[in-house]
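Participant: A structural model of the following input is requested.
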Amino acid sequence: MKITLHKYIINEIWPIFFSIIFVAVFIIMATKMLPLTEMILIHGINALQIGGMIIYLLPDIILFAMPAAGLLSVLIAFLRLSDDSEIIALRSSGLGLYQMLPPVILLSFTGLCLSLVISFTLVPWGNRSFKNILFEVVQSKADLGIKERIFCEPFENIIFFVNQFSTLDRKMRNVFLVDKRDQEAVNTIIAAEGEIYMHPGEKIVTIHFHDGTIFVVEKKMKASRTIKFRTYDLNIDLRDTVKSFSSREHAPKEMKMGELILKLKTFSIGDINHNEMLIELFERITIPIGVFFMGIIGLALGSQIQSRERTSRIGMGLSVFLVYYILLAGARSFCETGAINPLIGVWIPDIVLCIACCYFFKRVRSEKSVDFLPSIKAIMIRKKPS
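Facilitator: Predicted coordinates for the structure are as follows:
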């Protein structure tokens, strides 16, 4: 009897779980489709590169969505059982809340393990691969970062401001450029027109300016000079960019667990970099634990008999994971600045979920409502002056 019940509950939950993950991925990726479409249509980026970017973004998006999916899948499944009076039938057969708990624990634990795999292996792989493919795009399309009427830095230490820019022939009008690569002086170029020429074999980009002025100012402010020109070529060596990229330090989100632990030892306690490493290290554990607690809370909220509280229980579920994500973001911010010790701060969201889990279970076991609104309304009525 119990095995049949457990299979039945599992079959109710897992399709909803994967449907929510799919919807979350679709919504998040939809917000990124406009810049990706612009990269394909305007800048002519290879569709395979765009596909690679999407694939590399998926692990981070899925991990972000899993706590919410764990909560809502269990909640919706048990709301359906409650609306069809199946919860009443199970309880009248002597099967209480704890008899319905094992399949939820099994699925929640499976979600925890799956989240750990994604967090430990797929997320750093995806973030690192995404950065690599972005660099390949920058190499092949050097003008990718140039936008009209926006200060931008498509190359290191070279700042652009362009009034008009044609991506088809790579021509610019009313160009303002600041070149800070020289260690002795800063060169500011103002020109009526400019064109970008690529030399892929030599890994050099040439910017050909027309009718402009160069303002050269020494960084120690001891001297300056002005140079007017009809034409002027500025060369940018991409090999320096390649060298700096290949030797760059990986961000914490790109590191595997072993790399994080080794890198953590190179910084002193309380240092911002030390805090960032520690936060990333523990979040790879705390977020999967949050997936587990979310599933248990979904059972407590969804297994109440009162069908009239369906809307309030959905609202409570949404409130729980909204508070969780706010705490997650808030804890990260406070821990990075050192206001809260990262060893304690990163666990705050999970501690809150654990407390909420115990509270909801206690209320449901004693057949009390989990809705706070009636209690809040009653308090406000009592405090209202007569």
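Participant: Please make it C-alpha for all contacts and neighbour counts, starting now.
Facilitator: Fine.
Participant: how about the closest residue to residue 284 other than its chain neighbours, phi and psi?
Facilitator: Excluding the flanking residues, the one nearest residue 284 by CA to CA, 6 or more residues apart in numbering is residue 119, at 5.3 Å. When read as degrees, to the nearest 10, the backbone of residue 119 gives phi -70, psi -40.
Participant: residues contacting residue 119?
Facilitator: Contacts here follow CA atoms under 8 Å, 6 or more residues apart in numbering; on that basis residue 119 touches 59, 63, 284-285, 288.
Participant: mind listing the strands for this structure?
Facilitator: Along the chain, counting by DSSP state E, strands occupy 152-155, 158-166, 171-179, 185-199, 204-218, 224-237.
Participant: right, and the ones you listed - which one's nearest residue 362?
Facilitator: Closest to residue 362 of the strands of the chain, according to CA to CA: strand 152-155, at 55.8 Å.
Participant: Mind giving me the packing neighbours of that closest one?
Facilitator: Contact partners of strand 152-155 among helices and strands, from 3 or more CA pairs under 8 Å, 6 or more residues apart in numbering; DSSP states H and E: strand 158-166.
Participant: returning to that earlier point: in the contacts of residue 119, which two residues are the furthest apart from each other?
Facilitator: Largest separation among the contacts of residue 119 by CA to CA: 59 and 285, giving 15.2 Å.
Participant: what about the two, which has more around it?
Facilitator: Neighbour comparison, residue 59 and residue 285: the larger count goes to residue 59, with 22 against 17 (by other CA atoms under 10 Å).
Participant: Show the contacting residues for the closest residue in space to the more buried one that isn't next to it in sequence.
Facilitator: Leaving aside its sequence neighbours, residue 59 sits nearest to residue 123 (CA to CA, 6+ apart; 5.2 Å). Applying CA under 8 Å, 6+ apart, we find residue 123 in contact with 59-60, 253-254.
Participant: Would you reformat the strands of the chain as a markdown table and include mean neighbour count and distance to residue 272?
Facilitator: Putting the strands of the chain into a markdown table (neighbours: other CA atoms under 10 Å; distance: least, CA to CA, whole Å) gives the following:
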| stretch | mean neighbour count | distance to residue 272 |
| --- | --- | --- |
| strand 152-155 | 16 | 25 |
| strand 158-166 | 18 | 28 |
| strand 171-179 | 19 | 30 |
| strand 185-199 | 19 | 31 |
| strand 204-218 | 18 | 33 |
| strand 224-237 | 13 | 33 |
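Participant: Reformat these into CSV and put distance to residue 78 next to each item.
Facilitator: Below are these laid out as CSV (distance: least, CA to CA, whole Å):
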stretch, distance to residue 78
strand 152-155, 51
strand 158-166, 56
strand 171-179, 60
strand 185-199, 61
strand 204-218, 61
strand 224-237, 62
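Participant: quick one: low-confidence ranges for the protein?
Facilitator: 1, 38-45, 134-145, 200-203, 238-249, 304-311, 367-386 (pLDDT under 70).
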